[in-house]
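*Asks:* got a structure for you, letters missing:
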């Protein structure tokens with residue numbers, strides 16, 4: 001049952017206010033894109049695959065939040081207590097940072113092999129590979145230049 005009124009003067013303009021519903025839309029009513037999902041059982045829309053996005057629950061967000069807090073508090077406590085040497089503490093902080101990145105991607109960005117048919121995860125892996133190649137190449141070039149272009153300690157006395 002519709003709450004719209006018919007006015008023959010506006011029959012050609014469905015967006016006219018006279019054709020708009022004037023009451024609350026029931027929560028169970030499917031409109032637009034959602035209504036079309038009943039006819040498409042295989043995730044296909046006109047021959048195009050539709051990516052199923054994972055649905056997050058409050059439980060997922062709470063788990064992600066708690067893990068993030070714990071993964072932040074442990075390195076903070078290690079630094080404040082000075083339990084390990086600086087090098088070991090830096091290594092532990094780096095490991096916790098990488099784990100926290102993964103926690104954020106899984107629990108907040110909902111990245112998994114099923115999201116968008118695996119394209120999100122594939123794009124992330126490709127991006128990481130490119131960044132590693134660029135960083136390692138840049139460090140290699142800078143190291144090479146440093147070793148071959150900088151004066152050596154025994155050559156310092158010969159500098160003008």
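*Replies:* Received the coordinates, thanks. For clarity, every value in this text was computed on a predicted model and none was experimentally measured.

*Asks:* Mind listing what's buried along the helix ranked longest in the chain?
*Replies:* Ranked by residue count under DSSP state H, the longest helix found in the chain is helix 119-149. Neighbour counts over helix 119-149 (16 or more other C-beta atoms under 10 Å) mark 120-121 as buried. Where C-beta positions appear, they are placed from N, C-alpha and C, glycine not excepted.

*Asks:* What of stretch 102-115?
*Replies:* 103, 105-107, 110-111, 115.

*Asks:* That stretch: end-to-end distance?
*Replies:* 15 Å (C-alpha to C-alpha, to the nearest Å).

*Asks:* Give me the mean pLDDT for it.
*Replies:* Taken as a whole, stretch 102-115 has a mean pLDDT of 86.

*Asks:* Over to stretch 148-160?
*Replies:* 65.

*Asks:* just stretch 59-68 next, same as before
*Replies:* On average, stretch 59-68 scores 95.

*Asks:* For that stretch, buried residues please.
*Replies:* 64, 67.

*Asks:* Repeat that for stretch 65-85.
*Replies:* In stretch 65-85, counting by 16+ other C-beta under 10 Å, buried: 67, 71, 75, 78.

*Asks:* Pipe those residues into CSV and attach distance to residue 129 and secondary structure per row.
*Replies:* Shown next, in CSV, are these (distance: C-beta to C-beta, whole Å; DSSP: H, G, I helix; E, B strand; the rest coil):
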residue, distance to residue 129, secondary structure
67, 26, helix
71, 25, helix
75, 27, helix
78, 31, helix
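
*Asks:* Could you single out the nearest of those to residue 95?
*Replies:* residue 75 (9.0 Å; C-beta to C-beta).

*Asks:* what sits against that closest one?
*Replies:* Neighbouring residues of residue 75 by C-beta atoms under 8 Å, 6 or more residues apart in numbering: 89, 92-93, 96-97.

*Asks:* between the buried residues of stretch 65-85, which is nearest residue 121?
*Replies:* Of the buried residues of stretch 65-85, the one sitting nearest to residue 121 (C-beta to C-beta) turns out to be residue 67, at 19.6 Å.
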